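Novice: Just a sequence and a predicted model for now, questions to come.
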Amino acid sequence: MQIPPRSTPPRSVYGGSIVPVLIVVAALVLSTAIFFLFTKKKIQAQKDAVAEEASTSAATAKAAAETAKAAAPTPPPPMVKPPEPPKPAPPAFAFARPLDLGRQLVRSLTTGDFAMAGKLAAASDAAQSDSAAKLFEKLASMGYKPAAEDQVELLGLVENRTRITLPFVMSGSQETVRIQLDLERDEKMGWKVAKATLPKAMSGAIAAMPATPHSVAPPAPAAGKPGAPGKPAPVPAPVTTASSPAMKPLFTVEDGTDALAFASDFVRHLLKHDFTAARAFVDDAKVPVERLLGLCIVFEEGQYSLNPAKPLIVTIANPEVSWVIAQVQSESLQQNTEFGVELKRADIAQPWKIVGLNLSDILGSFAKNASKIGVPYTPIVKNPKGGESLALYFEYDRAELHPRAMKQLEVIAAMMKADPSKKLRIAGHTDEKGEDDYNIRLSRGRAEAVKKQLAALGVPAAQVETSGLGKAQPLSPNKKSDGTDDPEGRSHNRRAEIYLDF
């Protein structure tokens with residue numbers, strides 16, 4: 001069976017299906033174009049309206065601001081800052097060191113320039129310069145003349161102040177009296193006087209000082225209000241104003257209550273090896289006389305002097321108890337050391353007394369350096385029976401006194417002659433070398449050599465007892481821990497000890 005071929009649709013069919021599609025497409029394009037044409041114009045119109053409204057609001061705000069500005073009051077012109085008053089001239093004095101101020105004061109007093117001396121002394125309070133000048137002038141009329149400027153001394157530190165002393169000599173006398181100046185450091189003007197203390201011998205000069213102009217004269221009494229019959233109307237007391245406050249006097253008179261001044265005088269006597277004068281400062285019941293003598297001897301042997309940079313420092317300053325550290329130096333020993341001084345008194349109306357001497361530093365330093373001036377040397381030793389004793393040392397197998405022992409015996413002799421009722425005992429000692437009998441004789445010879453020298457210095461033989469103990473009481477071991485000989489230890493045992501039975 002033969003399948004007939006598929007017949008092709010006629011063209012009229014295709015043509016009829018395309019035309020409606022084309023019509024629909026054309027309608028969509030046309031409607032879209034119309035929509036955008038009219039809608040875009042409307043949107044642009046809305047934008048223009050908004051912009052116009054904003055512009056109008058800005059113009060209105062600007063106009064309102066200009067109107068408000070015009071209505072506001074005109075501000076006053078800026079104030080012109082008045083010119084600052086001229087700054088005061090810098091101070092005329094500017095001392096870098098405390099001693100510089102003291103020496104300049106002495107130079108002014110030596111030349112008789114009392115006005116300048118007054119200004120120097122009262123640089124911290126110019127209102128007192130005239131009074132200070134009058135005081136210095138009065139001292140000169142009383143016969144006080146300034147000593148050499150190199151005698152101005154740095155005394156020490158107390159209450160955050162540095163104290164120096166100005167030396168004066170009374171006409172016809174060799175004794176030096178000193179004015180104490182307590183100085184403070186000012187960042188702008190260097191060192192200045194905060195307080196000046198006169199010794200009691202100069203107290204008469206205070207009366208010559210004129211009254212200072214820091215108080216205001218009282219008002220005159222009102223009319224019609226006289227005092228009691230036959231008596232003047234009462235005068236009110238001077239009135240102190242805030243603008244002119246009451247002034248603290250620059251100059252005062254020594255009242256004996258200053259611990260630093262007391263300790264300074266004590267140390268000064270020690271440095272002069274004046275045992276008798278130094279002992280007057282000491283409470284004998286608290287400070288053994290051997291300790292005081294030993295300190296005098298150390299000062300003599302080591303040729304000590306006060307450290308000029310830091311001589312005395314008050315570490316405790318209470319009304320009834322004070323501690324002072326004395327710093328000393330020895331050029332011969334190339335040594336700086338110190339010792340402590342304890343002061344006490346029953347109350348502020350009583351004088352100070354030295355009740356303690358802490359010598360551990362100075363004695364330790366001295367013993368350590370004693371080899372630089374000869375045999376090992378420790379002037380104060382512990383007494384086996386308690387307390388302390390003085391020791392004089394000898395060369396090996398010798399009974400002759402060493403030259404350094406002479407000064408010790410001079411000090412002791414002076415003390416013994418001052419009180420014939422006092423006695424002392426001398427015990428001779430040796431090291432362990434040699435036979436016992438020989439050492440006993442040698443130790444007795446050493447004790448007798450000391451007694452003989454004391455007799456030559458004027459001490460009656462009845463005041464001195466002697467004994468020889470040989471090697472029985474060594475101060476140091478004669479041998480080292482390994483059993484070998486100890487020459488240094490033996491040198492401490494060759495001695496004569498002096499016991500003061502006071």
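Specialist: Done, it's in.

Novice: what sits up against the helix or strand where residue 99 lies?
Specialist: Per DSSP states H and E: residue 99 is located in helix 98-110. The contact list for helix 98-110 (CB atoms under 8 Å, 6 or more residues apart in numbering) reads 93, 95, 114, 116-117, 120-121, 136, 140, 145-150, 152, 154, 162, 164-167, 181, 183, 190-193. Where you see a C-beta, it was placed from the backbone N, CA and C, and this is true even at glycine.

Novice: In helices, which of those fall?
Specialist: Using DSSP state H, the subset of the contacts of helix 98-110 located in helices is 114, 116-117, 120-121, 136, 140.

Novice: picking up where we left off before, filter the contacts of helix 98-110 down to the buried ones, ChimeraX style.
Specialist: Selecting the buried subset of the contacts of helix 98-110 in ChimeraX, with 16 or more other CB atoms under 10 Å as the burial test, is done by:
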select :93,95,114,116,117,120,121,136,140,146,147,149,152,154,162,164,165,166,167,181,183,190,191,192,193
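
Novice: Kindly state the domain boundaries assigned to the chain.
Specialist: Following automatic domain parsing, one finds the domains of the chain at 98-208+248-253, 259-371, 374-501.

Novice: First residue to last residue on the first one, what's the distance there?
Specialist: Read it as domain 98-208+248-253. Domain 98-208+248-253 has an end-to-end distance of 21 Å (CA to CA, to the nearest Å).

Novice: coming back round to it: could I get the domains of the chain as a markdown table with mean pLDDT?
Specialist: A markdown table is the format used below for the domains of the chain (pLDDT from 0 to 100):
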| stretch | mean pLDDT |
| --- | --- |
| domain 98-208+248-253 | 91 |
| domain 259-371 | 86 |
| domain 374-501 | 87 |
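
Novice: out of those, nearest to residue 23?
Specialist: domain 98-208+248-253 (108.8 Å; CB to CB).

Novice: Work out the gap between that closest one and the centre of the chain.
Specialist: Averaging C-alpha positions (CA atoms, centre = their mean, to the nearest Å) puts domain 98-208+248-253 21 Å from its chain's average.

Novice: just to revisit the earlier point, tabulate the domains of the chain in TSV, adding columns for distance to residue 22.
Specialist: Below are those laid out as TSV (distance: least, CB to CB, whole Å):
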stretch	distance to residue 22
domain 98-208+248-253	108
domain 259-371	123
domain 374-501	135
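
Novice: closest one to residue 18 among those?
Specialist: Closest to residue 18 of the domains of the chain is domain 98-208+248-253 (CB to CB; 112.2 Å).

Novice: all helices of the stretch 301-450 of the chain, in order?
Specialist: Counting by DSSP state H, counting those that start in this stretch, the segments of the stretch 301-450 of the chain that form helices are 360-369, 403-418, 436-456.

Novice: Count the neighbours of the nearest residue to residue 320 once chain neighbours are set aside for me.
Specialist: Of all residues not flanking residue 320 in the chain, residue 345 sits nearest, at 5.7 Å (CB to CB, 6 or more residues apart in numbering). Around residue 345 there are 20 other residues, counting by other CB atoms under 10 Å.

Novice: hang on, residue 345 packs against residue 322?
Specialist: No: using CB atoms under 8 Å, residue 345 is not in contact with residue 322; the gap is 9.0 Å.

Novice: Kindly point out which residues are neighbours of both of those two.
Specialist: Contacts common to residue 345 and residue 322, judged by CB under 8 Å, 6+ apart, are residue 352.

Novice: quick one, the helix holding residue 99 and helix 114-121 angle?
Specialist: 160 degrees (axes from the mean of the first three to the mean of the last three CA atoms, to 10 degrees).

Novice: List the contacts of residue 451.
Specialist: 426, 461, 464, 466.

Novice: So it versus residue 458, what's the distance?
Specialist: For residue 451, the distance to residue 458 equals 13 Å [CB to CB, to the nearest Å].

Novice: one step back: what is the nearest of the ones in helices among the contacts of helix 98-110 to residue 339?
Specialist: Of the ones in helices among the contacts of helix 98-110, the one sitting nearest to residue 339 (CB to CB) turns out to be residue 121, at 33.6 Å.
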